[in-house]
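# One predicted model, sequence on top.
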Amino acid sequence: MVKLILKDIPDFHKIDVYEKNGGYQTLKKALGMSQQEIIDEVKKSNLKGRGGACFPTGMKWSFLAKNDKPKYLICNGDESEPGSFKDREIFEKNPHQFLEGVLISAYALGVKDAYVYIRGEYWRWINMMEVALADAYKKGYVGKNIFGTDFSVNIHIHSGAGAYICGEESSMMNSLEGKRAYPRVKPPFPAVIGVWGCPTIINNIETLTNIPEIVKNGGEWFSKIGAAAHPGTLLFGVSGHVNKPGVYELETGTPLMTIINDVCGGVKNGKQIKMVIPGGSSMPPLTREECLTMKMDNESLKAIGSAIGTAGVMIMDEDTDLLKVLKRITKFYYHESCGQCTPCREGCGWMLRVLDRIDRGEGRQEDLDLLISVAENIEGNTICALGDAAAWPVKWTIRKFRDEFAAKIPKHAVTIPILNKVHGVRKETDGFNILKQNNENEVVVSLMGKVQEDLNDESVRYSG
Amino acid sequence: MFENISNHLFNSEELKTVEKHISKYPTKMSAIMPVLWMVQEKEGWISTDNMKYVGQLLELPYEHVLGVATFYTMYFKKPVGKYHLQICTNVSCMLCGGTELFKYVSDKLGIKNKEVTSDGIFSIEEVECLGSCGTAPMLQVNNKEYYENLTLPQVDELISKFRSEASKN
């Protein structure tokens, strides 16, 4: 099994151990190459971004505007997608390969200042990176005239402060500029007008950590590792109901069941799988049947309508309450929506409230379609992908596990308010079969057209 | 650099750190996040007066500083306990008992989400995913150290440890 990032070398995070194992020699090699040669190697490698969107890194680099303005590289270590915890493994176990990747990329792109944006909660890992960066400065790998060449670059660490949205690249640029971190409308894309109005490349930490291996061994070599359309290795962060959760570096295309059973020691307590989220909480989930044959690379997942995302794999066993899971996921996006676009700001709240009323036993038969409808009206209608990220789990979890959700909705009767606060007065002609009027605000209706005589008011009440 | 600003919070050494942060970016505005972190590190939270002070240091209107400070959940806009316990209840933690952990700590300390105990020692917050999914459930203390793979007896131990530390100071 090829290991490009999490190599089994003791104390690899220390600069002298890293140097002894050929560390920073690829940087030296890179400085002897032309900038275009490096970009060509990365293109040849077919490296896809590891931050979730799987965009080809070489192509992204080739979009960088060629003008007189300073160019910036931002390293996205905001890792906040629920279920993702791979970048912290790089900060902890292999910070110098990441820094070497930043340096090579900065050279290839003509960057003089690179910013490493790390989520604020990673206080411990920010400190580790500060130490690694100081060591690299001391040895002269970062700073002025690296290896005696004309190439000089500074790397700065920037700590976030707890906003998921900052992982979105244009939001991260606003955050770096010292503004409220609202995503920007694209185009213009960051490669043309980015941070401080200058051409900017934003890459994920794992993406950049792969760069030294590509430059050292050649793009063609890299392109042959793992799945052809999505080559290389991935740091799979496996969590949930497995015996050995953790971060594992495996080739792309590794079967999901190999990861669960062989690498992670199987599902806890020998239970069956009910659902797996393959790449962080925003990715459409897999059913048990889909898991059995699924290979973990972007193309295979795309074929069934999901995606690899950040490779944060969450395993849920047969006893998991999917309604509670979906409610918690939706609560997350509701909390993290920056509030800029109405569909996301309001829609996340709507979805959460509808899921909550189903959870309270007050759901209505039409609620599942309502949820899908709200999700579909968020999807694609927002400035950034947070709207999609909130919509996908709702839409796909309900579609794939509809029976389980439907079973939580009372079949015969619910109490609803006559006065609907949003839409005005609800009329009797709405198609409901009215059973009894509780008071001037509430009415008990049958949704199935079937009168239930001994209606228990306690069990089905909508609070309006 | 800051001669005309009345000495409100930072000493000369800290002002040098502010200058260092400013030098990392092409604009002064960009230093707002690290400087807000410095304020919180020193004071435990960020008051209106200190937001105004940060505005003076970075030549920004108070409203801008307020806007940034309120965008991020890790900047505390009101005082928290000496030990602010942040417990993740997002999916991976939830699957491994994070919700129960939060409820346990909440009941044990007799406070709800974002409340402070009457002695000012503890406050709790239900937080979103902290990237500790493989080592769930977990809690973070004061935006810093992670305590992972927690069991309820370990939490009891941790809380008594903090309590005795607090009584010593």
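Thanks, I have the structure now. Only a predicted model underlies this, so the values are computations on that prediction, with no experimental measurement involved.

# Only C-alpha atoms from now on, for both contacts and neighbour counts.
Fine.

# so which helix or strand takes in residue 54?
You didn't pick a chain, so chain A it is. For A:Cys54, there is no host helix or strand (DSSP states H and E).

# ah, no, chain B please
helix B:48-57.

# same for that helix, what does it pack against?
Applying 3 or more CA pairs under 8 Å, 6 or more residues apart in numbering or on different chains; DSSP states H and E, we find helix B:48-57 packed against helix B:32-43, helix B:62-71.

# One more pass at 10 Å, please.
helix B:12-23, helix B:32-43, helix B:62-71 (3 or more CA pairs under 10 Å, 6 or more residues apart in numbering or on different chains; DSSP states H and E).

# And the contacts of the shortest one?
Translated: helix B:62-71. A:161-163, A:175, A:178-182, A:338, B:29, B:32-33, B:36-37, B:46-56, B:58, B:75-77 (CA atoms under 10 Å, 6 or more residues apart in numbering or on different chains).

# Show me which of these are buried.
For these, a burial check counting by 16 or more other CA atoms under 10 Å in any protein chain shown picks out A:161-163, A:175, A:178-182, A:338, B:29, B:32-33, B:36-37, B:46-47, B:50-56, B:58, B:75, B:77.

# which ones are touching the closest residue to chain B within the stretch 351-464 of chain A?
As assessed by CA to the nearest CA, chain B sits closest to A:Pro393 within the stretch 351-464 of chain A, at 12.4 Å. Residues near A:Pro393 by CA under 10 Å, 6+ apart: A:Ile277, A:Ser281, A:Ser282, A:Met283, A:Pro284, A:Pro285, A:Val325, A:Leu326, A:Ile329, A:Thr330, A:Ala375, A:Arg399.

# buried set for stretch A:271-291?
Within stretch A:271-291, the residues scored as buried using 16+ other CA under 10 Å are A:273-288, A:291.

# and the helix or strand hosting A:Tyr18, what other elements does it pack with?
Following DSSP H and E, one finds A:Tyr18 within helix A:15-20. Under the contact criterion of 3+ CA pairs under 10 Å, 6+ apart, helix A:15-20 touches helix A:95-109, helix A:123-138.

# I'd like the next helix or strand past the longest helix along chain A.
Determined from DSSP state H, the single longest helix within chain A is helix A:342-359. On the C-terminal side of helix A:342-359, the closest following helix or strand by DSSP H and E is helix A:367-378.

# Kindly calculate the angle that that next one makes with helix A:342-359.
Taking axes from the mean of the first three to the mean of the last three CA atoms, to 10 degrees, one finds helix A:367-378 and helix A:342-359 inclined to each other by 170 degrees.

# which of the residues in helix A:367-378 are buried?
Quick answer for helix A:367-378 (16+ other CA under 10 Å): A:Asp367, A:Leu368, A:Leu371, A:Ile372, A:Val374, A:Ala375, A:Glu376, A:Asn377, A:Ile378.

# what comes into contact with it?
So helix A:367-378 is contacted by A:341-348, A:350-352, A:354-355, A:357-358, A:364, A:379, A:386-399, A:402, A:405-406, A:409 (CA under 10 Å, 6+ apart).

# can you check stretch B:147-156 too?
Stretch B:147-156 is contacted from outside by B:87, B:93, B:96-98, B:100-101, B:104-105, B:108, B:132-141, B:158-161, using CA under 10 Å, 6+ apart.

# Tabulate the CA atom coordinates of it in CSV.
The C-alpha trace of stretch B:147-156 is given here as CSV (Å, rounded to 0.1, in the frame of the first residue of the first chain):
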residue,chain,number,x,y,z
TYR,B,147,-10.1,16.1,25.9
GLU,B,148,-11.0,13.2,23.7
ASN,B,149,-12.5,9.7,23.9
LEU,B,150,-14.2,10.8,27.1
THR,B,151,-16.1,8.6,29.5
LEU,B,152,-18.4,10.0,32.2
PRO,B,153,-16.0,9.1,35.1
GLN,B,154,-13.2,10.9,33.2
VAL,B,155,-15.4,14.0,32.9
ASP,B,156,-16.1,13.9,36.6
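
# Same question for it: list its buried residues.
Of the residues in stretch B:147-156, those buried (16+ other CA under 10 Å) are B:Tyr147, B:Glu148, B:Asn149, B:Leu150, B:Val155.

# ok, now stretch A:295-302?
For stretch A:295-302, a neighbour-count test (16+ other CA under 10 Å) marks A:Lys295, A:Met296, A:Asp297, A:Asn298, A:Glu299, A:Ser300, A:Leu301 as buried.

# Am I right that A:Ile155 is in a helix?
No. Applying DSSP: H, G, I helix; E, B strand; the rest coil, one finds A:Ile155 to be strand, outside a helix.

# So what pairs up with it in the strands?
Counting by DSSP bridges, A:Ile155 is bridged to A:Ala114.

# just checking, it touches B:Tyr25?
No. A:Ile155 is beyond contact range of B:Tyr25, at 11.0 Å (criterion: CA atoms under 10 Å).

# Neighbours of the residue of chain B found nearest chain A, how many?
As assessed by CA to the nearest CA, chain A sits closest to B:Ser30 within chain B, at 4.1 Å. A count of nearby residues for B:Ser30, using other CA atoms under 10 Å in any protein chain shown, gives 23.

# now swap in A:Val116 and tell me
Number of residues near A:Val116 (other CA under 10 Å) recorded here: 24.

# got it, and B:His8?
Close neighbours of B:His8, defined as other CA under 10 Å, add up to 10.
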